[in-house]
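Student: Sequence and computational prediction follow.
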Amino acid sequence: MNGEVRILRISTVPLSLNLLLKGQLGYMVSKGLDVSVACSYGPEIEELKAREQVSYYPIPLTRKFNVFKDIVALFYLIKLIKKIKPHIVHSHSPKAGIVGMLAAKICNVRLKIHTVAGLPLMETTGFKYRLLVAVEQIAYKCADWVLPNSVVQMEFIKNNISTDDKITMIGRGSSNGINLDYFKKGENYNSERVALRVKYDISEDDIVLVFVGRLANYKGINELVDCFKILAKKYAKLKLLLVGPFEDINPLSKDTIHEIETNERILSTGYQSDVRPFFVLADIFVFPSYREGFPQAVMQACAYELPCVVTDINGCNELVFEGINGYLVPPKNVKSLINACELLITNPDKRASLGNHGRKYLLENFEQKSLWENVYKFYLTNLN
């Protein structure tokens, strides 16, 4: 039956499919499944199609709330589902969830799955919060299964949105696990580190804080830059490396953008298809996000044995443990961020000790191909 099983994976933007699910789609193809993807168009599409060997269908989805455009996207998706007749529709991201699950329900798709990998409503209040909860509830009612990608996120959903038995997890969390053969210190790690530091004009004795992800308000970049400005006055050899694109929907403050653009000790690289070099040349990983699903960047930093300073939120606190492989700080708290970073800046032995523990935990719990196989089995078990 495998060769006959058709799957449609839906996301709002192609970046999610190309990066956050890298390799998983191709794995399903290798198991004999017919995999298609639908999302808005972006430059990542050609890379995605070539690497994963999947069919792509454009859908006019936008991350911003727009009733007219969302209804248009719904009709596009209904038309697409009727055309390709998937046995399984699996959506990712809030917007793709509501549109995708509604379309799949209307078309009577046999198996409807929605993965929850972050909830914007966790950062809202009042009417907007109630509206977003209602949207989530509609998506969940249309789905056969709802898969939060972290334990704490599942608890939040069951306490605040829905107690339905269809809300469950695959393994211990994460949407894609991590490829520990790809994210690791290579045999030439030391020489590679030296060469990369020369390339980016970073001296051997500089201490580099690195952040990987969207440069967005909710990622805590305003606080990170404020933290760095204070620490940089005290530590002349400190540098900050920001790896990721600027976010339009949830933008940084103008003061923060100005500081990033003018501070010679802050290096902003923009979007990078391969983030591994930046973990190699860094000393401390800092991730002060307000909300997450199950953050890939934190897993990648742990894989490179970097000590981590992250916020005490779901996802992050399921990968980083206080005093074991890093430190947990409250969201939006610059003082706590400074204190945690300073503990590592001033103690190279502590950096090495904490860094060594992160990779072992990943190996035991989040090895990528094991997760992919569990997703594959989940598909076939529930389809049958």
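Tutor: Good, I have the coordinates. Numbering: from 1, shown residues only.
Student: For the stretch 251-384 of the chain, which segments count as strands?
Tutor: Using DSSP state E, counting those that start in this stretch, the strands found in the stretch 251-384 of the chain span residues 266-270, 284-287, 308-311, 326-329.
Student: between these, which gets nearest to Tyr182?
Tutor: strand 284-287 (17.2 Å; CB to CB). Every residue, glycine included, has its C-beta placed from N, CA and C.
Student: Can you list the helices and strands that the closest one packs against?
Tutor: Packed against strand 284-287 by the contact rule (3 or more CB pairs under 8 Å, 6 or more residues apart in numbering; DSSP states H and E) you find strand 207-212, helix 296-303, strand 308-311, helix 334-345.
Student: Let me know the average pLDDT across it.
Tutor: Averaging pLDDT along strand 284-287 yields 98.
Student: Just the residues contacting that strand, thanks.
Tutor: 207-213, 219-220, 224, 227, 279, 295, 297-298, 301, 306-311, 316, 326, 337, 341, 344-345, 351 (CB atoms under 8 Å, 6 or more residues apart in numbering).
Student: do stretch 40-52 as well
Tutor: Against stretch 40-52 from outside (CB under 8 Å, 6+ apart): 12-15, 17-19, 22-23, 25-26, 29, 35, 37, 54-56, 58-62, 273.
Student: Drop anything exposed from those.
Tutor: 12-15, 17-18, 22-23, 25-26, 35, 37, 54, 56, 59, 61 (16 or more other CB atoms under 10 Å).
Student: Okay, and which of those residues map to helices?
Tutor: Among the buried ones among the contacts of stretch 40-52, the residues falling in helices (DSSP state H) are Pro14, Leu15, Leu25, Gly26.
Student: what's the lowest-pLDDT member of the residues you listed?
Tutor: Lowest pLDDT within these is found at Leu15 (85).
Student: does Asn217 really touch Lys254, like I thought?
Tutor: No. Between Asn217 and Lys254 there is no contact under CB atoms under 8 Å: 11.7 Å.
Student: Neighbour count for those two, which is higher?
Tutor: Asn217 (18 against 8; other CB atoms under 10 Å).
Student: Name the nearest residue to the more buried one, ignoring sequence neighbours.
Tutor: Nearest residue to Asn217 in three dimensions, chain neighbours excluded: Asn250, at 4.6 Å (CB to CB, 6 or more residues apart in numbering).
Student: so that neighbour makes contact with Gly213?
Tutor: No. Using CB under 8 Å, Asn250 is not in contact with Gly213, being 11.9 Å away.
Student: ok, the two, which is more surrounded?
Tutor: Gly213 (21 against 16).
Student: right, and the more buried one touches Glu247 too?
Tutor: No. Assessed by CB under 8 Å, Gly213 is found out of contact with Glu247, at 9.4 Å.
Student: tell me, what's touching these two both at once?
Tutor: Listed as contacting both Gly213 and Glu247 by CB under 8 Å, 6+ apart are Lys219.
Student: So which elements touch the helix or strand encompassing Asn190?
Tutor: Per DSSP states H and E, Asn190 falls inside helix 189-199. For helix 189-199, the contact count by 3+ CB pairs under 8 Å, 6+ apart identifies helix 276-280 as packing neighbours.
Student: just how off-centre is the helix it packs on within its chain?
Tutor: Relative to its chain's centre, helix 276-280 lies at 17 Å (CA atoms, centre = their mean, to the nearest Å).
Student: And stretch 156-164, by the same measure?
Tutor: 22 Å.
Student: got the buried residues for that stretch?
Tutor: Those would be Phe156, Ile157, Ile161, Ser162, for stretch 156-164 by 16+ other CB under 10 Å.
Student: can you put these in CSV and add pLDDT, distance to His258 and secondary structure?
Tutor: Putting the buried residues of stretch 156-164 into CSV (pLDDT from 0 to 100; distance: CB to CB, whole Å; DSSP: H, G, I helix; E, B strand; the rest coil) gives the following:
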residue, pLDDT, distance to His258, secondary structure
Phe156, 88, 35, helix
Ile157, 91, 38, helix
Ile161, 91, 39, coil
Ser162, 88, 43, coil
